[in-house]
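Novice: Structure, please.
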Amino acid sequence: MAIEIDPKFEQRILKEYVIWLTTVRDDGQPQPTPVWFIYENGVFTIYTVPTAQKVKNIAANPRVALNINSDYEGGDFVIITGEADFFPAPLPATQNATYFNKYAQGITNIGMTPESFEQQFSAAIRVTPSRVRGE
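Specialist: Numbering: from 1, shown residues only. All right, here's what the predicted structure looks like:
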């Protein structure tokens, strides 16, 4: 069950373009990865390549962390811990209006078309927060 996130943290989350997703490999090595995301209805959605290492890590250990970059002095941070699951995307990234509106220009900037992005990033990771801390 998702927790309620303090409105000041939620505002920060909603304005961010990239969030860091940290998963853990089989050997215990943490794997932080910057990802595109949306936050809706108390859940984070991250579109991904189905064969990505983060997917394998989540299959072995669904406990993850998400964090937003801090300011220059280490303040103004938000760290979310929770459980992740991986599934075939119920709605392709380009048909998810919230996601596509946020990242349409980014898709072009990385040299992809909406169609090629949708084909490659055909699965989703859903993160349900269990704890949030920040400053």
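Novice: buried stuff in the longest helix seen in the chain?
Specialist: The residue-count maximum for a helix in the chain (DSSP state H) belongs to helix 97-109. For helix 97-109, the neighbour count (16 or more other Cβ atoms under 10 Å) marks 99-100, 103, 107 as buried. Every residue, glycine included, has its C-beta placed from N, CA and C.
Novice: Which parts of this protein are strands?
Specialist: Ranges of strands in the chain, per DSSP state E, are 19-24, 30-35, 38-40, 43-48, 63-68, 78-88, 123-134.
Novice: elements contacting the longest helix of the chain?
Specialist: If you count contacts as 3 or more Cβ pairs under 8 Å, 6 or more residues apart in numbering; DSSP states H and E, helix 97-109 packs onto strand 38-40, helix 114-120.
Novice: Poorly predicted segments of the protein, please.
Specialist: 1-2, 89 (pLDDT under 70).
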